[in-house]
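Asker: pasted the sequence and its predicted model underneath.
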Amino acid sequence: MVADQQALEIGRLLEGAEVRSVGRAADMGVVELASAHGDIVMAHVQCPFRILHEGKALLGSRDMRYPQQGAADDAFDRFRTVYDARAATLNGILGQLRPRVREVTFGEAGSLTVNWEPGFRLQLFPDCSGSMEAWRVFIRNGQHYGYPESSV
C-alpha cells in the first residue's frame with residue numbers, strides 16, 4: 001500500500017487532471033497530464049500496466065514486445081511496435097475528448113488505478129518483490145512520488 005500522505009499528494013496531482021498523451025521512453029510507459037492547477041504531470045511506469053476502455057484492453061505494456069505488421073527486427077528501436085501504433089490511435093482520441101481524471105485508487109503492493117471519463121482506466125501492477133522503482137508520478141521540476149517510496 002502507498003503511504004497515506006503520499007496517496008493524498010498523488011490524488012491531488014491527478015484528480016481533475018486532463019489526460020493528454022500516452023507513449024514510452026524505451027520500455028517505460030509514459031502518461032502526460034495537465035493538472036487542474038495547470039502543471040504538467042507525468043506518470044512514468046516501469047511495471048506491467050494497461051489501459052482499458054469499458055473493460056476492454058486498448059493498450060498494454062507487453063504490446064511493446066510485438067512489431068507492427070511489416071516492421072523490421074528493429075521495430076522497438078524505431079517505435080514501430082503494436083504499443084506505438086495503439087498509443088498513437090489513443091492519443092488522437094484523447095486529443096478530441098480531453099478527458100479528466102475522476103478517481104485515483106491505491107491497492108496492495110503498489111497497485112494504482114486511475115479512472116478517467118468516458119470509461120477509461122489505467123491500471124498499474126508492480127510485479128517485483130525488491131525495492132526497484134515500479135512507477136512514479138511527478139510535476140516537471142517538482143516533487144516526485146512513487147512506489148516503493150524508498151526508490152524515489
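Answerer: Alright, I've got the coordinates. Numbering: from 1, shown residues only.
Asker: apart from its chain neighbours, what residue comes closest to the residue most central in space within the chain?
Answerer: Per C-alpha atoms, centre = their mean, the C-alpha nearest to the average position across the chain is that of Val31, at 4.5 Å. Using C-beta to C-beta, 6 or more residues apart in numbering and skipping the chain neighbours, the partner closest in space to Val31 is Ala43 (4.2 Å). (Each C-beta comes from the backbone N, C-alpha and C, glycine too.)
Asker: what helix or strand is that neighbour located in?
Answerer: strand 40-45 (DSSP states H and E).
Asker: list the buried residues in that strand.
Answerer: 41-45 (16 or more other C-beta atoms under 10 Å).
Asker: quick one: contacts of the helix or strand following it?
Answerer: Sequence order places strand 49-53 as the next helix or strand after strand 40-45, per DSSP H and E. Residues from elsewhere that reach strand 49-53, judged by C-beta atoms under 8 Å, 6 or more residues apart in numbering: 22, 29, 57-61, 90, 119-125, 135.
Asker: tell me which two in those residues are the farthest apart.
Answerer: Gly119 and Trp135 (22.3 Å; C-beta to C-beta).
Asker: tell me how far the strand holding Ala43 lies from the chain's centre.
Answerer: 7 Å (C-alpha atoms, centre = their mean, to the nearest Å).
Asker: what's the angle between the helix ranked longest in the chain and strand 49-53?
Answerer: Across the chain, the longest stretch assigned as helix under DSSP state H is helix 82-97. Interaxial angle, helix 82-97 versus strand 49-53 (axes from the mean of the first three to the mean of the last three C-alpha atoms, to 10 degrees): 40 degrees.
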